[in-house]
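Student: starting from these lines, generate the structure:
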Amino acid sequence: MKIMKCTYKQIFCVEKYCLLIMPPQLRSALSKFRCVVAPIRIETGRYENLKENERVCPFCNCIEDEVHVQLLLLPALHQCHQKRTF
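Tutor: From the prediction side, this is the model:
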């Protein structure tokens, strides 16, 4: 079972990324990651009884977890957003 580190907000306010104007697909993807329901192999592989080391990315054969998708795949898939400063 995967253990997640949870941190809670100290100040109740709207996060800055929620105020940005962004395409609906990107907003939806960010929301899924925040709610831990993103369809990535580290999560979906549980239901297929795959071991954690078998839950690999279909593009590069690395373990597909949240860090892998957000830091490695999103910049490659959304190159138009790399030029923007958020």
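Student: my read: residue 38 touches residue 69, true?
Tutor: Yes - with contact defined as Cβ atoms under 8 Å, residue 38 counts as touching residue 69 (7.2 Å). All C-beta atoms are positioned from the backbone trio N, CA, C, and that covers glycine.
Student: which residues do those two both contact?
Tutor: Listed as contacting both residue 38 and residue 69 by Cβ atoms under 8 Å, 6 or more residues apart in numbering is no residue at all.
Student: so how far is the longest helix along the chain off the chain centroid?
Tutor: Across the chain, the longest stretch assigned as helix under DSSP state H is helix 24-34. Averaged C-alpha coordinates place helix 24-34 at 8 Å from its chain's average position (Cα atoms, centre = their mean, to the nearest Å).
Student: buried stuff in that helix?
Tutor: By 16 or more other Cβ atoms under 10 Å, the buried positions in helix 24-34 come out as 29, 30.
Student: do the same with stretch 41-60
Tutor: Buried residues in stretch 41-60, counted by 16+ other Cβ under 10 Å: 41, 42, 43, 45, 55, 56, 57.
Student: from the centre of this structure, point out the most distant residue.
Tutor: Of all residues in the chain, residue 11 sits farthest from the chain's C-alpha centroid, using Cα atoms, centre = their mean; the distance is 23.5 Å.
Student: and the pLDDT for it?
Tutor: Residue 11 carries a pLDDT value of 83.
Student: the one 3 residues further on too?
Tutor: Residue 14 is assigned 83 on the pLDDT scale.
Student: element containing it, please.
Tutor: Assigning secondary structure by DSSP states H and E places residue 14 outside every helix and strand.
Student: neighbours around it, how many?
Tutor: 7 (other Cβ atoms under 10 Å).
Student: and residue 15, by the same measure?
Tutor: Using other Cβ under 10 Å, residue 15 has 10 other residues around it.
Student: and the one 5 residues further on, by the same measure?
Tutor: Counted by other Cβ under 10 Å, the residues lying close to residue 20 total 12.
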